[in-house]
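Peer 1: Next one to model:
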Amino acid sequence: MKFVTDVLKEKGGLVSFITPDITVYEAITVMAEKEIGAVLVMEGDILLGILTERDYARKIIIQGKSSKETSVKEIMTTKVMVVNPGNSVEECLAIMTEKHVRHLPVVEHGKVVGIVSIGDAVKAIISDQHFTISNLVNYIMGS
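Peer 2: Modelled structure (predicted):
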């Protein structure tokens, strides 16, 4: 079984973040440059929310707002589900499925130490399954 701490070791703990006062256009530009689907909204060490591609699509595009005139704080998701490094990847997937989210900030002792995406979780589970299958094959073959 893999844990969030294992995922962060593999991908690194680098977390992209923005401040709430920048425009949505600036935030989307950051996301495009970093090739990410979500970015944390922070003030110092304090997690205020998350801005996702889904927020952009539903709260800017569909509502006909201007991304160059709207600040991130106006559309960011403020009820952010978080996990800690000790959570299992399976727990993360359960949260993502139940809450319909694709990104979970990782918080330890009140500080953001990383972020886990649904892609990270699926990759970790597939890796874990490959390991298990390999061990079973070796056991069956007697090697």
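
Peer 1: And the average pLDDT for stretch 61-75 is what?
Peer 2: Looking at stretch 61-75 alone, the average pLDDT works out to 95.

Peer 1: can you list contacts of that stretch?
Peer 2: Surrounding stretch 61-75, the residues in contact under the criterion Cβ atoms under 8 Å, 6 or more residues apart in numbering are 18-25, 27-28, 41, 48-49, 51, 55-56, 59-60. The C-beta positions use only the backbone N, C-alpha and C, and glycine is treated the same way.

Peer 1: try 7 Å
Peer 2: When contacts are defined by Cβ atoms under 7 Å, 6 or more residues apart in numbering, stretch 61-75 is touched by residues 18, 20-25, 27-28, 41, 51, 55, 59-60.

Peer 1: try stretch 78-98
Peer 2: Under the criterion Cβ under 7 Å, 6+ apart, external residues in contact with stretch 78-98 comprise 1-5, 7-8, 47-50, 99, 101-102, 104-108, 113, 116, 118, 121, 124-125.

Peer 1: From the contacts of stretch 61-75, list the buried ones, please.
Peer 2: If you count burial by 16 or more other Cβ atoms under 10 Å, the buried members of those come out as 18, 20, 22-25, 27-28, 41, 51, 55, 59-60.

Peer 1: Next, count neighbours for Val113.
Peer 2: 16 (other Cβ atoms under 10 Å).

Peer 1: quick check, it in a helix?
Peer 2: No. Checked against DSSP: H, G, I helix; E, B strand; the rest coil, Val113 lies outside a helix; its state is strand.

Peer 1: Read off the pLDDT value for it.
Peer 2: The pLDDT attached to Val113 in the predicted structure is 96.

Peer 1: Tell me where the chain has strands.
Peer 2: Secondary structure of the chain (DSSP state E): strands at 17-18, 38-43, 46-52, 103-108, 111-117.
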